[in-house]
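>>> One predicted model, sequence on top.
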Amino acid sequence: MIAERKQAQDEVISHPRYTVGEVLGRGSWGTVYEANDNATGETVALKVLNPTPAAREKMKTRKLTPFGAMRNEGDLAACANVVPRSFEVDSQGTPFIRMPIYHAFLKDKLGDDEGQWRKSVGRGLEYSDAVGYLEGIARGIGEMHTVRNRAHADIKPDNVAIDGKIALLNDLGSSTCVSLGWAQSQQRDNSGFFFTRAPEQFKDDGHPDRQSDIWSFGALAYRMFTGEYPLEQELRTAQNPRLLLEQLGTEGVDLIVKRKIKANFPREHRRLGKLVERCLSAITYKRPYDGNSLVEELESAIHDSVPKEAWRAFKRLGAWTAAATIAGTALVGTTFLRYTEDSLRVPPARVKGMLYIEEKPVAQGGVFFDAEQINDLPQTIHGMLNAGTTPRAKASTSDRNAAHLVDCYAKTLLNGGAMGGVDIKKEYRKDALEALAKENGKKPDENTFYAVVAKSLEKTIGEMRESNGRVDLEDVCAITLIGPEKLAEAKRAVGSESFVNYIGAKTPDGKYIIQKTHREFLKTWLAYIHDG
């Protein structure tokens, strides 16, 4: 190590700002050194290109120079769940990358032995830790696929840094922030870690893409919940893993995964298990399309996978049939622009973690949502169009229930449920704006859409909450949208308190009391609430 430290100081880079220290890790693309930033006093990591022969071949194939390879990695736009880095050049023209030093990685949380592959099946993580890390990894994959517009290609435990409770992807997945000896000794080759590598990447002509990143995510998720990787035993014992996968074929691999999910994945998290099974399909088109789609599906799956007591209010809910195709997306997207172009900067998230209906004891001011079983709710649509609603909903209120309803309201608008003409009740909008003005000390802009809807929902929930904490979910949505007077009229017309009855209420002359756009919006809104 003394020789390595001397080599680092004498030969690696020539830059007055940095005093280079010991080697932290080596990978196929470069070597990482600890360094002191003389300007700030921080301890940082500096990655200097030092490619192996195999990496040089990849550079040649991609027509990259050493300088271009480093710039390609270092020029990373700001991301929330990818390790930040900056590209720099020393006085001799040597390119290098500056990164933070992280002392905790997913491999540490999983309990895998440092320096050697564990000899037996490891342990899984606690549910709250696992889903927190999975959310960060999924968002990091989404950022790689959109901000960087490319696949990560080497997602594995020692390429996931842990900063507090947040998981961050290390870009390019070779030699990053701290010791990488564990990675070199694992079962891997020049195409990456065996146990998180998608089956199609074992082929000679395999080329990493978005879908291979999704498979790697599924492999990590399975490891977190079960203590082993989905194909670990098969790959460890195979003399020729590539030949084994070829012999199994897509059907054989999918059969193994399905059997293991059923046998080993916690039954109380079935929907999350179904998503993991889809991610691990050997047939690429069955996986979520990209990182953004993965984030959306993960959030929905986690909402349905939280402990049962958090979903007591929905015990009576059964499966519903998709009865309508949501239309009008382009029209509603145009209408929604005036809301999303907020003149006020979106504040930091006030609600942490996944959004879902939350139950709390009545003594703590908690509410319990009563929900009906509705069998004709329309199909929900998840994708890039509504990928940004959740962070804004979280920032709009400190009430988790209101935030979840706001998120689903925004998704409904963006995916056509509004049919171009739905907004919250005018009186509620006015009250919400006045309440926000008191909180902020100034009148908020009318376009502060999420906060206005959140305030309206908080008001409705508060007014409807009974002494035992019960709140009727369908009535909350209906009152926020059409007001209590119109709702009462519809209920009187059919002589029923049930949503499935009053939604179609008519006047004596045969006219609908709740207009068509509102009926369609309410059903779509409820579909998103129940679907996550």
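Received it, and whenever you're ready, just let me know what you need.

>>> Please name the bridge partners of Trp369.
Residue 369: Phe, not Trp. Beta bridges link Phe369 to Val471, judged by DSSP bridges.

>>> That one reaches Arg400, doesn't it?
No: in this structure, Phe369 is not within contact of Arg400 by Cβ atoms under 8 Å, at 11.9 Å. Heads up, the C-betas are built off the backbone N, CA and C, glycines and all.

>>> Tell me which of those two has more neighbours.
Taking neighbours as other Cβ atoms under 10 Å, Phe369 and Arg400 compare with Phe369 leading, 22 against 19.

>>> The helix or strand encompassing Ile461 packs against which elements?
Assigned by DSSP states H and E, Ile461 falls within helix 449-464. Secondary-structure packing of helix 449-464 (3 or more Cβ pairs under 8 Å, 6 or more residues apart in numbering; DSSP states H and E): helix 329-340, helix 389-396, helix 400-414, helix 426-440, strand 470-472, helix 473-482.

>>> try 6 Å this time
With contacts taken as 3 or more Cβ pairs under 6 Å, 6 or more residues apart in numbering; DSSP states H and E, helix 449-464 sits against helix 389-396, helix 400-414, helix 426-440, helix 473-482.

>>> Can you show me the helices along the stretch 1-150 of the chain?
With helices called from DSSP state H, counting those that start in this stretch, the stretch 1-150 of the chain shows them at 2-7, 53-61, 66-74, 106-110, 127-146.

>>> per-stretch mean pLDDT over those, give me the minimum one.
Ranked by mean pLDDT, the helices of the stretch 1-150 of the chain bottom out at helix 2-7, with a mean of 40.

>>> For stretch 196-214, list the C-alpha coordinates in CSV.
What follows is stretch 196-214, C-alpha atoms only, in CSV (Å, rounded to 0.1, in the frame of the first residue of the first chain):
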residue,chain,number,x,y,z
THR,A,196,-27.5,-9.5,-11.7
ARG,A,197,-26.9,-9.9,-15.4
ALA,A,198,-29.9,-10.4,-17.7
PRO,A,199,-30.0,-13.8,-19.4
GLU,A,200,-29.7,-12.2,-22.9
GLN,A,201,-26.4,-10.5,-21.9
PHE,A,202,-24.8,-14.0,-21.6
LYS,A,203,-24.9,-14.3,-25.4
ASP,A,204,-22.0,-13.4,-27.6
ASP,A,205,-23.9,-10.6,-29.3
GLY,A,206,-25.6,-9.4,-26.1
HIS,A,207,-25.7,-5.6,-25.8
PRO,A,208,-26.8,-3.9,-22.6
ASP,A,209,-30.0,-1.9,-22.9
ARG,A,210,-32.8,-0.5,-20.8
GLN,A,211,-34.5,-3.9,-20.4
SER,A,212,-31.3,-5.5,-19.1
ASP,A,213,-31.1,-2.8,-16.4
ILE,A,214,-34.7,-3.7,-15.4
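
>>> Phe194: neighbouring residues, count only.
Neighbourhood size, Phe194 [other Cβ under 10 Å]: 21.

>>> Now Ile155. Nearest residue, chain neighbours left out?
Nearest non-adjacent residue to Ile155, counting by Cβ to Cβ, 6 or more residues apart in numbering: Ser216, 3.8 Å away.

>>> how deep is that neighbour tucked in, by neighbour count?
30.

>>> so which helix or strand takes in it?
Ser216 belongs to helix 210-226, assigned by DSSP H and E.

>>> Next, the buried residues of stretch 199-219.
199-202, 208-219 (16 or more other Cβ atoms under 10 Å).

>>> and which of those is nearest Pro51?
Of all these, Pro51 sits closest to Pro208, with 17.5 Å by Cβ to Cβ.

>>> Asp129: which of the buried residues of stretch 199-219 is nearest?
Phe217 (16.3 Å).

>>> Next one: the closest one from Asp108, what distance?
Plainly put, Phe217 is 19 Å away from Asp108 if you go by Cβ to Cβ, to the nearest Å.

>>> related to what we said a few turns ago, any idea which of the helices and strands packed on helix 449-464 scores lowest on pLDDT?
Minimum mean pLDDT among the helices and strands packed on helix 449-464: helix 426-440, a mean of 63.

>>> wait, Lys411 sits on Arg392?
No: taking contacts as Cβ atoms under 6 Å, Lys411 lies outside contact range of Arg392: 11.2 Å.

>>> Between the two, which has more neighbouring residues?
Neighbour totals were compared for Lys411 and Arg392, and Lys411 leads with 26 against 22 (other Cβ under 10 Å).

>>> So that one versus Glu34, what's the distance?
To Glu34, Lys411 is 45 Å away according to Cβ to Cβ.

>>> what do you get for Ala403?
Distance, Ala403 to Glu34, using Cβ to Cβ: 41 Å.

>>> residues touching Gly218, list them.
The contact partners of Gly218, taken as Cβ atoms under 6 Å, 6 or more residues apart in numbering, are 276, 279-280.

>>> So which of these are in helices?
Under the assignment DSSP state H, those contribute 276, 279 to helices.

>>> circling back to that earlier point, now the helix holding Ile461: average pLDDT?
Averaged over helix 449-464, pLDDT sits at 84.
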